[in-house]
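Student: the sequence and its predicted three-dimensional model are supplied below.
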Amino acid sequence: MDFEKEYLDAVLVTGGLLFMFLYHLYLLYQYIHDVDATKTSIRYENEDKITWVQKILQGATDDAVRDNVNRGLGVISSNTSATMTLASISLTLCAVIGVWISSSTNKFFPLEMVYGNTSQSIICIKYLCLLSCFLLAFSFFVQSARHFVHSNYLLSTPGVMEEEDVKKVQKAVERGSIFWSLGLRALYFALNFMVWFFGPIPMFACSIVMVFILYCHDLRKDSKPSDNRKQG
């Protein structure tokens with residue numbers, strides 16, 4: 001029985017992570033080949049934001065464009081604030097985990113209730129994996145905020161209605177959205193590693209449930225093209 005418990009982490013944790021990685025590779029493949037923005041929610045939302053930027057910079061008069069730009073700056077500022085909030089939370093959790101690791105009496109969960117490998121080396125690996133995910137999330141959110149701030153500058157530049165300038169704003173907003181999604185994915189993996197502290201069986205079950213939920217959220221059922229959003 002001890003032999004089985006020791007290797008339970010190697011089998012179930014590896015299987016759960018592999019399941020997550022394979023799903024995200026499949027999602028990446030669908031995203032790359034989703035030219036019409038009909039398969040993945042990420043591509044669909046990014047195309048909506050690109051269309052939003054284009055319509056923000058459209059107007060019959062300069063006053064209308066100025067009002068649209070002011071509303072657009074408010075929206076981007078809200079996204080920047082949300083991104084920096086999650087970045088701050090991720091960095092704070094990194095600091096807490098770092099202090100926890102350095103403590104000689106760290107016990108996240110009673111080891112007697114964990115069915116699996118409870119050696120000190122495995123516990124250190126759990127902390128390091130969790131710390132790595134939060135560090136990745138922090139990095140992604142900071143990059144997202146950087147692109148949103150850059151789009152703020154571009155959007156408020158006089159004479160931004162030129163086609164080349166519009167494409168620059170669209171690219172900055174799209175990149176900010178992509179890094180936002182990557183930061184959320186890092187937090188999803190962090191949740192998995194956090195559940196691992198309760199044992200490899202809950203972690204494996206969490207991976208299966210999370211992939212099912214993400215599948216329902218990431219892949220669109222409506223296969224109609226989104227050309228009608230660009231009208232008007």
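Tutor: Now that the structure is in, tell me what you want to look at.

Student: show me the contacts for Cys129.
Tutor: Phe193, Trp196 (C-beta atoms under 8 Å, 6 or more residues apart in numbering). (Glycine included, C-beta is placed from N, CA and C.)

Student: okay, and it sits in which element?
Tutor: Counting by DSSP states H and E, the element that carries Cys129 is helix 120-155.

Student: buried residues in that helix?
Tutor: Neighbour-count burial for helix 120-155 flags 122-123, 125-127, 129-152, 154-155 (criterion: 16 or more other C-beta atoms under 10 Å).

Student: state the pLDDT value of the most centrally placed residue in the chain.
Tutor: Centrality entry for the chain: nearest residue to the mean C-alpha point is Leu184, 2.3 Å, by C-alpha atoms, centre = their mean. Leu184 is assigned 94 on the pLDDT scale.

Student: now do Ile122
Tutor: Per the predicted model, pLDDT is 85 at Ile122.

Student: quick one: the residue nearest to the centre of the chain and Glu162, what's the gap?
Tutor: Relative to Glu162, Leu184 is positioned 33 Å away (C-beta to C-beta, to the nearest Å).

Student: what's the first helix or strand after the helix holding Cys129?
Tutor: Heading C-terminal from helix 120-155, the first helix or strand you meet, by DSSP H and E, is helix 163-196.

Student: point out where the chain drops to low pLDDT.
Tutor: For the chain, applying pLDDT under 70 flags the ranges 1-4, 59-62, 101-113, 160, 222-232.

Student: doesn't Gln54 lie inside a helix?
Tutor: Yes: under DSSP: H, G, I helix; E, B strand; the rest coil, Gln54 falls within a helix.

Student: the closest residue to it other than its chain neighbours: how many residues sit nearby?
Tutor: Distances taken as C-beta to C-beta, 6 or more residues apart in numbering place Val166 nearest to Gln54, at 6.3 Å, with adjacent residues excluded. Neighbour count of Val166, defined by other C-beta atoms under 10 Å: 19.

Student: where's Val166 relative to Ser151, distance?
Tutor: For Val166, the distance to Ser151 (C-beta to C-beta) stands at 11 Å.

Student: how about Leu57?
Tutor: As judged by C-beta to C-beta, Leu57 and Ser151 stand 12 Å apart.

Student: find residues that contact each of the two.
Tutor: With C-beta under 8 Å, 6+ apart as the test, Leu57 and Ser151 both reach Val169.

Student: was I right to think Tyr115 contacts Ile201?
Tutor: Yes: between Tyr115 and Ile201 there is a contact under C-beta atoms under 8 Å: 6.4 Å.

Student: need the overlap of contacts for the two.
Tutor: In contact with both Tyr115 and Ile201: Leu8, using C-beta under 8 Å, 6+ apart.

Student: okay, these two: which has more neighbours?
Tutor: The residue with more neighbours, out of Tyr115 and Ile201, is Ile201; 18 against 14, by other C-beta under 10 Å.

Student: quick one: contacts for the more buried one?
Tutor: Ile201 touches Leu8, Leu12, Tyr115, Gly116, counting by C-beta under 8 Å, 6+ apart.
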